[in-house]
Structure formats: structure tokens, C-alpha cells
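> would you be able to build a 3D model of this:
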Amino acid sequence: MKTSFGIVRRLPAIATAAAVGWVGYSAFKKRGYPPLPAPFPSDVEFVSDLEAGRIAVHRSKLAPDESKTPVLLVHSVNAAASSYEMGPLFQRLEHDRQVAAMDLPGFGHSDRPDVAYTPELLAGAIASVLGEFDRPVHVVALSLGSELAARAALIRPDRVRSLTFISPTGMGRKSRVDDPEASVFDSFLKAPVLGQAIFDLLVTEPSIRYFLDKSFAGEVDPGLAVYSGLTSRLPGARHAPLAFIRGRLFTADAVSRVYEPLLVPSLVIYDEDPYTDFADLPGFTAGGDGIRQAERIPGTCGLPHFDRPDQTLDALTRFWKDVESR
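From the prediction side, this is the model:
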């Protein structure tokens with residue numbers, strides 16, 4: 001009993017020593033930068049953005065019916081995000097129509113400059129990619145990418161035929177944003193050495209698996225887990241994710257500020273989600289003058305296009321048919 005009590009009393013000191021050890025390890029570790037493979041078979045092009053640098057856009061190698069509306073896929077934002085997250089949709093859609101998937105600034109094959117990452121910066125990058133299309137496109141965005149795609153649609157409504165939000169943030173009580181400046185943790189993340197150490201901890205294999213497991217109803221896609229580890233080890237990988245962790249990439253009152261003002265047809269695909277409850281979804285779909293739909297895909301936890309790819313594709317196809325018939 002005395003031995004156990006002694007160990008308990010020493011836990012704070014042990015935890016402190018472990019934390020200091022991890023920071024030291026992170027600061028002095030040798031970092032290798034293996035080349036990042038393509039997220040799926042595709043041709044990569046780069047769009048230049050004044051603030052964000054080069055933005056990678058992965059386009060299908062196939063030549064489908066060019067009379068159909070093209071599709072732009074936008075991934076989510078997290079510690080190890082990339083366009084690989086949109087792979088199941090890319091690989092199904094490319095047989096039917098032109099499809100492109102972009103890497104947001106700070107992620108994937110896009111540049112990762114040490115700049116202030118903000119919703120405006122990322123939305124502006126999406127708007128820049130939209131400007132490369134010769135006609136309006138269907139945009140499909142995942143999680144926090146939904147808020148950013150909505151912002152981009154407000155910037156370039158002339159280039160958006162429709163918006164689909166998969167498990168969008170900003171539509172529920174869980175995802176409402178507090179002031180990041182009020183967080184003591186925020187000051188730690190600002191410090192380069194501590195920020196790098198925290199980022200390194202978040203992108204360890206067990207951590208990546210832990211967070212992915214929360215968003216999969218079934219088994220975690222092994223390719224996504226591996227690719228997440230690879231993309232998080234490139235130079236500058238921490239900059240955009242730390243802005244996300246600090247809460248700087250969310251929009252306060254997202255429904256009223258970025259979703260409600262939308263004038264293009266919109267679809268929300270959702271089910272259970274560990275990060276939001278979609279409490280504001282009924283109000284969003286009931287408002288507006290145009291098409292606003294929601295489709296629940298049961299048995300999913302935030303990544304329905306992985307867990308239920310056929311049902312997700314069916315929902316998209318029906319929505320686009322409705323939009324294109326008007």
C-alpha cells in the first residue's frame with residue numbers, strides 16, 4: 001500500500017519529466033522527408049494563390065463525358081489532412097464526369113508556408129481553384145472543409161453549381177467556437193518548440209489511429225492511416241494544423257455567417273458524428289429560397305463516403321440530377 005501511495009504521489013513529477021523528455025526529443029530528433037506519393041491515380045496541377053502559394057489540384061486521368069458538370073472535392077482540416085480523405089468519391093466519380101480534388105494550403109502536395117492560417121486564407125485558395133474551371137462546378141466538402149467551401153462559394157458564386165457538405169462543422173452545439181485567445185493552451189501552441197512537440201505527439205501512429213477510429217463506424221481505412229502519417233512528416237507540416245488546433249480555422253456563428261447567406265443549391269450528408277450534433281441543421285434546410293436538402297446515411301460516424309460509399313454516391317447523384325434538371 002505504501003509503495004502504491006508513493007507512486008501516486010510521484011505521478012505529477014513523472015508526468016512532468018515525460019513531457020520535458022518528449023519536448024527535448026521533438027526538438028532534437030532527426031527528421032526525414034520522404035516524397036509524398038499521389039493520394040490516388042491522378043495528374044497533379046498547381047494553382048498559384050497570392051497568399052497561400054502553390055495549391056495542388058489532383059485531376060482524373062480518365063476522359064469522361066465532358067458535357068456533365070465537373071466536381072471539385074475539398075478535404076477536411078485536422079492534424080494530418082489531405083485529399084486522400086476524398087479518395088472513395090474521386091475513384092467512383094472519375095468514371096462518370098470530370099473530377100478534381102484539391103489539397104488545401106498547408107496540407108498534402110500544396111505549399112506549407114509559415115503564415116497566419118485563417119478561414120479567409122483557405123477559402124480564398126478554394127476560390128482560386130474554382131476560378132480555374134471554365135464553368136460552374138459541383139463542390140463536395142468534408143467536415144471543416146464545408147465551412148471553407150461555403151465561404152468560397154460566397155466569393156465565387158458564379159463558379160459553383162451546387163454545394164454538398166459531408167458531416168459539416170458549424171451546424172451544431174458541439175462545434176460552436178469559443179474565443180481561442182482565452183485558452184492558456186493557445187500560448188503553448190504559439191511557441192515553435194512546444195508547438196512542434198505537441199504536433200509531433202498528435203501525428204504519432206497511435207494518435208492518428210485513435211482519432212480516425214472515432215470517425216469510422218467500421219474498420220479504419222489502412223491506406224488513410226498510412227497516408228496521414230506520411231503527409232504529416234513533410235517540411236512545414238505543423239503550421240496549418242496548429243492553427244486548426246488553436247481554433248483559428250473555425251467560424252463563430254457559422255450558420256448565420258457562411259451557411260445561411262448561400263444562394264446555391266446545398267445538400268448536407270450526415271449521421272452520427274463525434275464532433276457535432278447537427279442541432280442547427282433543420283433551421284438551415286428550412287431556410288433560403290433555393291434547394292436545401294439533408295440526407296442521413298445510417299451506420300456512419302463522420303466519414304460516410306468510406307463506410308457507406310455506394311449510399312453516399314447515390315445521394316450525390318440524386319441531388320445533382322435534381323439541380324441539373326432546373
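
> all strands for the stretch 1-150 of the chain, in order.
Per DSSP state E, counting those that start in this stretch, the stretch 1-150 of the chain has strands spanning 43-49, 53-59, 71-74, 99-102, 137-142. These are given in chain order.

> redo those as JSON lines? Include mean neighbour count, mean pLDDT and distance to L154.
In short, each C-beta sits where N, CA and C put it, glycine included. Below are these laid out as JSON lines (neighbours: other Cβ atoms under 10 Å; pLDDT from 0 to 100; distance: least, Cβ to Cβ, whole Å):
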{"stretch": "strand 43-49", "mean neighbour count": "15", "mean pLDDT": "95", "distance to L154": "17"}
{"stretch": "strand 53-59", "mean neighbour count": "21", "mean pLDDT": "97", "distance to L154": "19"}
{"stretch": "strand 71-74", "mean neighbour count": "27", "mean pLDDT": "98", "distance to L154": "15"}
{"stretch": "strand 99-102", "mean neighbour count": "27", "mean pLDDT": "97", "distance to L154": "18"}
{"stretch": "strand 137-142", "mean neighbour count": "26", "mean pLDDT": "98", "distance to L154": "12"}
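
> could you dump those strands to a markdown table with distance to A152?
Compiled in a markdown table, the strands of the stretch 1-150 of the chain are given as follows (distance: least, Cβ to Cβ, whole Å):
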| stretch | distance to A152 |
| --- | --- |
| strand 43-49 | 12 |
| strand 53-59 | 12 |
| strand 71-74 | 8 |
| strand 99-102 | 10 |
| strand 137-142 | 8 |
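
> nearest to T118, of those strands?
Comparing the strands of the stretch 1-150 of the chain against T118 with Cβ to Cβ, the closest turns out to be strand 43-49 (13.2 Å).

> wait, A225 sits on S207?
No. If you go by Cβ atoms under 8 Å, A225 and S207 don't touch, sitting 10.8 Å apart.

> domains of this structure?
1-30, 43-324 (automatic domain parsing).

> tell me which of those domains sits most buried.
Ranked by mean neighbour count, the domains of the chain are led by domain 43-324 with a mean of 19 (mean count of other Cβ atoms under 10 Å).

> related to what we said a few turns ago, the domains of the chain: lowest mean pLDDT?
Sorting the domains of the chain by mean pLDDT places domain 1-30 lowest, at a mean of 45.

> quickly note the distance from E147 to G170.
When Cβ to Cβ, to the nearest Å is the yardstick, E147 and G170 sit 5 Å from each other.

> what touches both of these two?
Counting by Cβ atoms under 8 Å, 6 or more residues apart in numbering, the residues touching both E147 and G170 are 250-251, 254, 258-259.

> filter the residues you listed down to just the ones in helices.
Among the shared contacts of E147 and G170, the subset assigned to helices under DSSP state H consists of A254.
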